[in-house]
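Peer 1: Predicted coordinates and the sequence they were generated for:
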Amino acid sequence: MSSPSASLAVWASSWLAGVSAPDDVIDAMAEWAPMHLVVAADEATAASASLAWPSPRADGIAALLTLVRATSGRAPGGARQPGNPGIELLLPSPGSAQNLTPGTAFSRAALVTGQAVLVGAPGADGIGLVPTVEGPDVMRWTVHTVRVPDHFVRDFSLGEAEYAMRDAVRGAAEALGTMSALPTRTPNGDPRTRIAAELESLARHRYPIETPERALRVLESADRVSAILSVAQHDSPTEAPTAAAEVARENLIRPLWSAVRAARLSAVARSIEEGAPRA
């Protein structure tokens, strides 16, 4: 699992589908931090959601699940309307902020962190959840009141994401080779060992048992590309790159990261859609 928001989206959806127990969700989220704080973004949200404001409370994941259940309109194991899972993962980045309402506090916070979870029916008022790391053992979830988009924009279908990840693995390997050829300030060890360590860190965060196999393949490929890119970008050259070299580097890396984000969004969305019971 690549982010706390992805973990919350898939595990909360699995719980609402009646497949996972609350303790399963709590255990999965504890891999990110043993303590989770929940706080409203503003006084109006605090009043409507019965949340702490302005100081957070250590209410934990159980409080988030209660809020998700109430906002999604579904009891655990209950039916939903087809095409309306009630939970959406967002992984925005500068230049790629679809499904966010411009100019809102939620949009700004989601762009800063690069992740968020939307809960609610399309076209209705819902909540946006944004995680931030408060310390080595603490994660804060800020709850925003939001308007859920009528329709969610997807860069890829799951099939397109699977194809894109095959190309991205090759592209990331080429990027690693290009950057590893540059002299660096400090030796960082065998890239293969560092990639394996990155993948091991991601693999600590498991998926619900009902996650579709094809979605898992896409997510695993995205993790591999992400690990390769992270290792490639970690090496710092001994000499400042020229402007042309920096542009070339960005042109090489940016589309690969975009493909990773799009693939993860498609795979998580399919997991949520297929894992939830139908009306």
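Peer 2: Happy to help now that I have it. Only a predicted model underlies this, so the values are computations on that prediction, with no experimental measurement involved. Numbering: from 1, shown residues only.
Peer 1: mind saving the C-alpha coords of stretch 109-119 as PDB?
Peer 2: Presented in PDB, the C-alpha positions along stretch 109-119 are these (Å, rounded to 0.1, in the frame of the first residue of the first chain):
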ATOM      1  CA  ALA A 109      -4.500  20.600   1.800                       C
ATOM      2  CA  ALA A 110      -4.800  17.600  -0.500                       C
ATOM      3  CA  LEU A 111      -2.300  19.200  -3.000                       C
ATOM      4  CA  VAL A 112       0.200  19.800  -0.200                       C
ATOM      5  CA  THR A 113       0.000  16.200   1.000                       C
ATOM      6  CA  GLY A 114      -0.600  14.600  -2.400                       C
ATOM      7  CA  GLN A 115      -3.400  12.400  -1.100                       C
ATOM      8  CA  ALA A 116      -6.900  12.500   0.400                       C
ATOM      9  CA  VAL A 117     -10.100  10.500   0.700                       C
ATOM     10  CA  LEU A 118     -13.500  11.700  -0.400                       C
ATOM     11  CA  VAL A 119     -16.600  10.200   1.200                       C
END
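Peer 1: what's the average pLDDT for it?
Peer 2: Mean pLDDT, stretch 109-119: 95.
Peer 1: residues in contact with it?
Peer 2: 3-6, 8-9, 12, 41, 67-68, 71-72, 86-94, 97, 99-100, 106, 126-132, 142, 144, 146, 148 (CB atoms under 8 Å, 6 or more residues apart in numbering). Using the backbone N, CA and C atoms, a C-beta is placed for each residue, glycine as well.
Peer 1: From the residues you listed, list the buried ones, please.
Peer 2: 3-6, 8-9, 12, 41, 67-68, 71-72, 86-92, 99-100, 106, 126-131, 142, 144, 146, 148 (16 or more other CB atoms under 10 Å).
Peer 1: out of those, which are inside helices?
Peer 2: P4, S5, A6, L8, A9, A12, L67, V68, T71, S72, F106 (DSSP state H).
Peer 1: how close does the first one sit to S50?
Peer 2: Applying CB to CB, to the nearest Å, the value for P4 to S50 is 23 Å.
Peer 1: And for the fifth one?
Peer 2: Relative to S50, A9 is positioned 22 Å away (CB to CB).
Peer 1: for the third one, same thing?
Peer 2: Per CB to CB, A6 is found 26 Å from S50.
Peer 1: repeat for the last one
Peer 2: According to CB to CB, F106 and S50 sit 19 Å apart.
Peer 1: And for the fourth one?
Peer 2: Computed with CB to CB, the distance linking L8 and S50 is 19 Å.
Peer 1: element containing the closest residue to L8 other than its chain neighbours?
Peer 2: Nearest residue to L8, sequence neighbours excluded (CB to CB, 6 or more residues apart in numbering): V117, at 5.4 Å. Assigned by DSSP states H and E, V117 belongs to strand 116-119.
Peer 1: before we move on, what about V39?
Peer 2: In this structure, V39 is located in strand 35-40 according to DSSP H and E.
Peer 1: what does the helix or strand just after that strand rub up against?
Peer 2: Using DSSP H and E, the next helix or strand after strand 35-40 towards the C-terminus is helix 43-49. Helix 43-49 has contacts (CB under 8 Å, 6+ apart) with A40, L51, A52, W53, L67, A70, I127, V143, H144, T145.
Peer 1: Give the rounded mean pLDDT of the longest helix along the chain.
Peer 2: For the chain, the helix with the greatest residue count under DSSP H is helix 243-275. Helix 243-275 shows a mean pLDDT of 81.
Peer 1: just checking, what packs against that helix?
Peer 2: helix 4-16, strand 87-90, helix 158-180, helix 213-234 (3 or more CB pairs under 8 Å, 6 or more residues apart in numbering; DSSP states H and E).
Peer 1: list the buried ones in the longest one?
Peer 2: Of the residues in helix 158-180, those with enough neighbours to count as buried (16+ other CB under 10 Å) are 158, 161-162, 164-165, 168-169, 171-173, 175-176, 179.
Peer 1: do the same with the last one
Peer 2: Of the residues in helix 213-234, those with enough neighbours to count as buried (16+ other CB under 10 Å) are 214-215, 218-219, 221-232.
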